[in-house]
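Student: following is a predicted model, sequence given first.
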Amino acid sequence: MEKYIIKGGSPLVGEVEIGGAKNAALAILAAATMTDDSVHIDNMPDERDTNVLLQAMESIGVIIDRVNRHSVVINASQVKNHTIENEFIKKIRASYYLIGALLGKYRHAQVVLPGGCDIGLRPIDQHIKGFSALGATVLIEHGIINAKAQKLVGSHIYLDMVSVGATINIMMAACMAEGLTIIENAAKEPHVVDIANFLNSMGANIKGAGTDVIRIRGVEKLHGTDYTIIPDQIEAGTFMVAAAATHGDVTIKNVIPKHLESISAKLEEMGCQIHESDDAVRVVATKRLTATHVKTLPYPGFPTDMQPQITVALAMASGISIVTESIFENRFKYVDELTRMGASIKVEGSSAIVTGVERMTGADMSAPDLRAGAALVIAGLVAEGFSTLDNIKFIERGYEDFEIKLRSLGANIEKVDTDAEEQKFRLKAGYGDIAQ
Ligand code: EPZ
């Protein structure tokens, strides 16, 4: 099975290009089925999650023309059924965006109930609350959600908690409902704004995306569009933290600095120099980082998807940090792996108390989920000696060419599939030491 092998100790230096936002792309691809016209989407990340969602869409008759890795033309005029099969939802939860899209367009959608995952229960009660408020009958039978409506009528919906998925799913269904829908306590993430802009480019009438009150006036039909997805805030943040943790100097290009403000602020608190330009952020960390406290919050707060990565950087900072996870119930599973590398972290409920250590040593690790996997790669980059990381399919769900981009910054990392390949890397990297 493929895994990463890493030799720690090299600071990351140079420039890296950020791809399209996975969590915007998944919603935008689903929303593209809401018109019978062709929709051209650019800057789509070539990752497992987007590729699996495209397969799910093809399974119901959507015509997908993959122009290249990052560009696709979608035509949903021939959609035959509205049932998304189990195999796709098991692979990615975000298939559930097809409920909002198909319910909006066809007044019917049937999708297998997504399971929990490694970071928490991940219920979808707020999605269902929104669909029901719009007039849909939502039944859950044999693990399948069946949403049906004679017609969808706009409603005033108050989300019980800030939910990115529910905000997006309800917004999609409401686009083609009759009259005005108001979503209160809406999520404000950059990808929520991106999907709203995409839908408006198809003729929808959405106002207020990016604030906590979104108003959607339903329209009869949506038309085709050409759209370019925003850069990935979390991929960018991951490289920013990797640069900081390895005491490097990296310019992260093709980003929207405003989306990264909470991450930049934290890294400055930890002693990094951050230089922003229109579409790039440069992170310089010449000395040992210093401790700080982090609490994950909905945007514009510090993103939960950056919690494992910043904790790795704090694990070797001087001083004691407290990292509090306020979004998901079980997002510290990776801490056990860090402890095996010499980190000193104690998880108490929803907080981790991180006592910075001066050195960590390489270990054989396993990625528990997407963002924790990326964080453990960063841990391997800062640890002394060799580390291996398996279950990298999690990482490939949300990072395109992750090890290739890291290698271009000077990281000693390779994806290997056999013992022979691993030995070859160890010999090559080991001799590198002698050569220095
Ligand atoms: C999206 O998940 C992202 N996934 C997650 O990114 C991200 O961590 C999360 O938003 C928060 O930013 C995609 O966009 C595909 P939520 P989502 O609904 O929509 C609870 C990654 O690494 N909740 O904002 O599922 C929920 O349990 C992934 O790319 C309900 O209780 O997150 C959680 O505690 C991981 N009922 C909180 O709300 C609901 O109906 C926030 O979840 C919905 C959510």
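Tutor: Nice, I can see it. Residues are numbered from 1 along each chain as shown.

Student: now for residue 61: which residues touch it?
Tutor: 76, 78, 79, 80, 81 (Cβ atoms under 8 Å, 6 or more residues apart in numbering). Glycine gets a C-beta too; all of them are placed from N, C-alpha and C.

Student: name the nearest residue to the closest residue to the ligand within the chain, sequence neighbours excluded.
Tutor: Residue nearest to the ligand within the chain: residue 165 (2.7 Å; Cβ to the nearest ligand atom). The spatially closest residue to residue 165, leaving aside those adjacent along the chain, is residue 127, at 6.4 Å (Cβ to Cβ, 6 or more residues apart in numbering).

Student: burial measure for the one you found, as a count.
Tutor: For residue 127, the neighbour count with other Cβ atoms under 10 Å is 25.

Student: that older thread, mind giving me the packing neighbours of the helix or strand hosting the residue of the chain closest to the ligand?
Tutor: Using DSSP states H and E, the element containing residue 165 is helix 164-175. If you count contacts as 3 or more Cβ pairs under 8 Å, 6 or more residues apart in numbering; DSSP states H and E, helix 164-175 packs onto helix 22-31, helix 97-106, helix 125-133, strand 180-184, helix 190-201, strand 205-207, strand 213-217.

Student: how far off centre is the fifth one?
Tutor: Put simply, helix 190-201 sits 16 Å off its chain's centre (Cα atoms, centre = their mean, to the nearest Å).

Student: buried set for that helix?
Tutor: Going by neighbour count (16 or more other Cβ atoms under 10 Å), the buried part of helix 190-201 is 190, 191, 192, 193, 194, 195, 196, 197, 198, 199, 200.

Student: dump these into a markdown table; add distance to the ligand and pLDDT as well.
Tutor: Shown next, in a markdown table, are these (distance: Cβ to the nearest ligand atom, whole Å; pLDDT from 0 to 100):
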| residue | distance to the ligand | pLDDT |
| --- | --- | --- |
| 190 | 11 | 97 |
| 191 | 7 | 97 |
| 192 | 9 | 98 |
| 193 | 13 | 98 |
| 194 | 11 | 98 |
| 195 | 10 | 98 |
| 196 | 14 | 98 |
| 197 | 16 | 98 |
| 198 | 14 | 98 |
| 199 | 16 | 98 |
| 200 | 20 | 98 |
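
Student: looking at the contacts of residue 61, which are in helices?
Tutor: In helices, judged by DSSP state H, none of the contacts of residue 61 are found.

Student: what subset of those residues is buried?
Tutor: Buried members of the contacts of residue 61, counted by 16+ other Cβ under 10 Å: 76, 79.

Student: and the furthest pair within the contacts of residue 61?
Tutor: Across these, the longest distance by Cβ to Cβ is 12.1 Å; it joins 76 and 81.

Student: need the contact list for the residue nearest to residue 165.
Tutor: Going by Cβ under 8 Å, 6+ apart, residue 127 touches 96, 99, 100, 163, 165, 166, 169, 170.

Student: what's the answer for residue 78, then?
Tutor: So residue 78 contacts 61, 62, 63 (Cβ under 8 Å, 6+ apart).

Student: quick check: the last one touching residue 79?
Tutor: Right, the one you point to is residue 63. No. Between residue 63 and residue 79 there is no contact under Cβ atoms under 8 Å: 9.4 Å.

Student: want to throw the buried residues of helix 190-201 into TSV with distance to residue 89?
Tutor: Listed next are the buried residues of helix 190-201 as TSV, based on distance: Cβ to Cβ, whole Å:
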residue	distance to residue 89
190	25
191	20
192	22
193	26
194	23
195	20
196	24
197	27
198	22
199	23
200	28
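
Student: any idea how far the closest residue to residue 134 other than its chain neighbours lies from residue 210?
Tutor: Of all residues not flanking residue 134 in the chain, residue 152 sits nearest, at 4.6 Å (Cβ to Cβ, 6+ apart). Between residue 152 and residue 210 the distance, using Cβ to Cβ, to the nearest Å, works out to 24 Å.

Student: more crowded one of the two?
Tutor: Higher neighbour count among residue 152 and residue 210: residue 152, with 23 against 17, using other Cβ under 10 Å.

Student: state the pLDDT value of that one.
Tutor: We have a pLDDT of 98 for residue 152.

Student: rewinding a little: the helix holding residue 165 to helix 190-201, inter-axis angle?
Tutor: 10 degrees (axes from the mean of the first three to the mean of the last three Cα atoms, to 10 degrees).

Student: restrict helix 164-175 to CA atoms and write it as CSV.
Tutor: Taking C-alpha atoms only, helix 164-175 is exported to CSV below (Å, rounded to 0.1, in the frame of the first residue of the first chain):
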residue,chain,number,x,y,z
VAL,A,164,-21.2,25.1,6.3
GLY,A,165,-22.9,22.1,4.7
ALA,A,166,-26.4,23.0,5.8
THR,A,167,-26.0,26.6,4.7
ILE,A,168,-24.9,25.5,1.3
ASN,A,169,-27.4,22.7,0.9
ILE,A,170,-30.4,24.9,1.9
MET,A,171,-29.1,27.8,-0.3
MET,A,172,-29.1,25.4,-3.3
ALA,A,173,-32.6,24.1,-2.8
ALA,A,174,-33.9,27.6,-2.0
CYS,A,175,-32.5,29.0,-5.3
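
Student: mean confidence for it?
Tutor: Helix 164-175 shows a mean pLDDT of 98.

Student: pull out the buried residues from the helix or strand where residue 423 lies.
Tutor: Assigned by DSSP H and E, residue 423 belongs to helix 419-435. For helix 419-435, a neighbour-count test (16+ other Cβ under 10 Å) marks 422, 425, 429 as buried.

Student: mind listing residues that contact it?
Tutor: Helix 419-435 has contacts (Cβ under 8 Å, 6+ apart) with 5, 7, 386, 388, 412, 414, 416.

Student: in helices, which of those residues fall?
Tutor: Using DSSP H, the subset of the contacts of helix 419-435 located in helices is empty.

Student: in a markdown table, list these along with neighbour count, pLDDT and distance to the ligand.
Tutor: Listed next are the contacts of helix 419-435 as a markdown table, based on neighbours: other Cβ atoms under 10 Å; pLDDT from 0 to 100; distance: Cβ to the nearest ligand atom, whole Å:
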| residue | neighbour count | pLDDT | distance to the ligand |
| --- | --- | --- | --- |
| 5 | 24 | 98 | 24 |
| 7 | 24 | 98 | 27 |
| 386 | 20 | 97 | 27 |
| 388 | 18 | 97 | 23 |
| 412 | 19 | 97 | 26 |
| 414 | 19 | 98 | 24 |
| 416 | 17 | 97 | 25 |
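
Student: understood, closing this out.
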